[in-house]
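Peer 1: how would this look folded up:
(one chain, ligands or ions: 1)
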Amino acid sequence: MGLSRRAVLIVLALGAAVLATATGCGGAPGKEGKKMPRVVLVIHGGAGVLKEEEMHGEKLEDGKPLQREHYEAALAEALSAGHRVLREGRSSVEAVEAAVRVMEDSPLFNAGRGAALNHDGRAELDAAIMEGRMDVAPGERREGKKDPRKRAGAVAAVTHVKNPISAARAVMEMADHRHVLLVGPGAEAYVLSEEVADRYKIEKVSNAYFWTNRRLRQIRESIAKDPSRDRLRGDRERVPGETDRYFGTVGAVALDARGNLTAGTSTGGLTNKMAGRVGDSPCLGAGTYADNRACGVSCTGTGEVFLRHAVAHDVVARMLYKKVSVETASQETIEELPDEDEGVGGLIALDKDGHHTFAMSTKSVGMYRGYVTEDGAIYVAIYAKEAPHRMKPPARP
Ligand code: ASP
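Peer 2: Predicted coordinates for the structure are as follows:
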């Protein structure tokens, strides 16, 4: 590792330490030696952060100029939705689903409504959810599987599902835990079937629901920039300064009152990806993973790199095998990834004691991110160098 790269990593690590004290994350002693409230939910809205000058040129769907406050408000709303669920004593699965659904419904992120479009101009969405618990709850019957304990579900390349995170949950909770990952028309046939759709509030939408002005412009520009690139190749290189086209995936990790962790991730994938391309987000161990003995993880970045390096599971494995903290495991995992011009991405992680961390590759401009403590204090941040700042809880709709 070169000196400058090492220096940046040290700065990031120091930043994390400062951040931990400043925000009192994870029950660390505060100034007066008091225990600070635990973090119960951490979220991200992707590592494809627009630089401030780029944000000025962008417009919302209603034509109004896009501002950082819009991202902060959307993050705060997602955190508040997830926190409400936890405060009611419900599970971390429900909290992750609630937080991710808010971000899927926002056109700002590359998931659900704001999904990036593929080379054919269509949205193909991926999502996964995974529980960290290893035990069987009292009274619960788990039959027909050799390992009935760890539950997870995922969907990939779905084109008519408004909230893929709920579809992933429906697969996870399928009778007998028969399958873990369903793709394309088969996934849609199952999750949009009347009983499942009603139970999980899964709405069928036309693919045009995902064609926001911003994503249509991005896909047109992306194809126009290199018309020689045929439809089977898609974008191989990212356009410098435009990571927003690529990394806007959303994710959440929650810890409930029973001590159970859940991680979830939802994405439209990469702009101008080939039809049928699936990234890391719905692949357990790559973009999403949870294990109560260590932590829950949700990633954002170049999916192919995260797949090849099994990033989310790598964080968990480092904690289990090396007995290091969630911060160290996350930093080491990201540090060992190959880098790209604008960074390869980042991840969020939350451990069983409520310690959270945000890890970003060295050249990343930032990552839309935030967390909420058990007493409801909401913090958000966007750029790499800034520490999360406290937000007023949004008014309930
Ligand atoms: N990781 C996602 C993918 O490759 C992209 C993102 O993070 O926005 O599909």
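Peer 1: Any part of stretch 155-171 near the ligand?
Peer 2: No - applying C-beta under 6 Å from any ligand atom, one finds stretch 155-171 separated from the ligand by no less than 9.8 Å. For glycine as for every other residue, the C-beta is placed from the backbone atoms N, C-alpha and C.
Peer 1: I'd like the mean pLDDT over that stretch, please.
Peer 2: pLDDT averaged over stretch 155-171 equals 98, rounded to a whole number.
Peer 1: Show the end-to-end separation of it, please.
Peer 2: From its first residue to its last, stretch 155-171 covers 8 Å (C-alpha to C-alpha, to the nearest Å).
Peer 1: residues near residue 266, how many?
Peer 2: Other residues within reach of residue 266, judged by other C-beta atoms under 10 Å, total 36.
Peer 1: distance of it from the ligand?
Peer 2: In this view, residue 266 and the ligand are 10 Å apart by C-beta to the nearest ligand atom, to the nearest Å.
Peer 1: Does that residue touch residue 165 like I think?
Peer 2: Yes - counting by C-beta atoms under 8 Å, residue 266 sits close enough to residue 165 to count as a contact (4.7 Å).
Peer 1: What parts of the protein come near the ligand?
Peer 2: Selection of the chain residues close to the ligand by C-beta under 6 Å from any ligand atom yields 46, 48, 110, 246-249, 267, 269-270, 279-281, 287, 300-301, 303, 345.
Peer 1: Sort out for me which of those are in strands.
Peer 2: Members of the residues of the chain next to the ligand lying in strands (criterion: DSSP state E): 267, 300-301, 345.
Peer 1: Just the endpoints, please. Distance across stretch 273-281?
Peer 2: Taking C-alpha to C-alpha, the first and last residues of stretch 273-281 lie 14 Å apart.
Peer 1: Look up which helix or strand the residue nearest to the spatial centre of the chain falls in, please.
Peer 2: Taking C-alpha atoms, centre = their mean, the centroid of the chain lies closest to residue 251, which sits 1.9 Å from it. Element membership for residue 251 (DSSP states H and E) is strand 250-255.
Peer 1: Who are the packing partners of that strand?
Peer 2: Using 3 or more C-beta pairs under 8 Å, 6 or more residues apart in numbering; DSSP states H and E as the contact criterion, the elements in contact with strand 250-255 are strand 39-44, helix 68-87, helix 92-105, strand 261-267, strand 295-301, strand 345-351.
Peer 1: Save those as a markdown table, and put in mean pLDDT too.
Peer 2: Shown next, in a markdown table, are the helices and strands packed on strand 250-255 (pLDDT from 0 to 100):
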| stretch | mean pLDDT |
| --- | --- |
| strand 39-44 | 98 |
| helix 68-87 | 96 |
| helix 92-105 | 98 |
| strand 261-267 | 98 |
| strand 295-301 | 97 |
| strand 345-351 | 97 |
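Peer 1: Dump the ones you listed into TSV; add distance to residue 339 as well.
Peer 2: Listed next are the helices and strands packed on strand 250-255 as TSV, based on distance: least, C-beta to C-beta, whole Å:
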stretch	distance to residue 339
strand 39-44	19
helix 68-87	25
helix 92-105	27
strand 261-267	21
strand 295-301	11
strand 345-351	10
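Peer 1: between the ones you listed, which gets nearest to residue 395?
Peer 2: Nearest of these to residue 395, taken as C-beta to C-beta: helix 68-87 at 9.5 Å.
Peer 1: what bits of the stretch 101-250 of the chain have low per-residue confidence?
Peer 2: Per-residue confidence of the stretch 101-250 of the chain (counting by pLDDT under 70) places the weak regions at 135-149, 226-246.
Peer 1: quick one: the strands in it?
Peer 2: Taking DSSP state E, counting those that start in this stretch as the criterion, the stretch 101-250 of the chain contains strands spanning 125-131, 152-158, 181-183, 250-255.
Peer 1: mind checking how far stretch 307-327 is from the chain centre?
Peer 2: How far stretch 307-327 lies from its chain's middle: 17 Å, per C-alpha atoms, centre = their mean, to the nearest Å.
Peer 1: right, I mislabeled it, should have said stretch 355-365
Peer 2: Distance of stretch 355-365 from the chain centroid (C-alpha atoms, centre = their mean) equals 13 Å.
Peer 1: Also stretch 191-211?
Peer 2: Distance, centroid of stretch 191-211 to centroid of chain: 21 Å (C-alpha atoms, centre = their mean).
Peer 1: What residues of it count as buried?
Peer 2: By neighbour count on 16 or more other C-beta atoms under 10 Å, the buried set for stretch 191-211 is 191-192, 196-197, 200, 202, 210-211.
Peer 1: then it to CSV, C-alphas only?
Peer 2: The C-alpha coordinates for stretch 191-211 follow below in CSV (Å, rounded to 0.1, in the frame of the first residue of the first chain):
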residue,chain,number,x,y,z
VAL,A,191,-44.6,-12.0,-5.2
LEU,A,192,-47.5,-10.4,-7.2
SER,A,193,-49.8,-13.4,-6.6
GLU,A,194,-52.8,-12.2,-4.8
GLU,A,195,-52.2,-13.6,-1.4
VAL,A,196,-48.5,-12.7,-1.2
ALA,A,197,-49.0,-9.2,-2.6
ASP,A,198,-51.8,-8.5,-0.1
ARG,A,199,-49.8,-9.8,2.8
TYR,A,200,-46.6,-7.9,2.0
LYS,A,201,-48.3,-4.8,0.4
ILE,A,202,-46.5,-5.5,-2.9
GLU,A,203,-47.8,-3.3,-5.6
LYS,A,204,-47.5,-4.0,-9.3
VAL,A,205,-46.4,-1.0,-11.4
SER,A,206,-45.7,-0.5,-15.1
ASN,A,207,-42.0,-0.3,-15.9
ALA,A,208,-42.7,3.4,-16.9
TYR,A,209,-43.2,4.1,-13.2
PHE,A,210,-39.4,4.0,-12.9
TRP,A,211,-38.6,6.3,-15.8
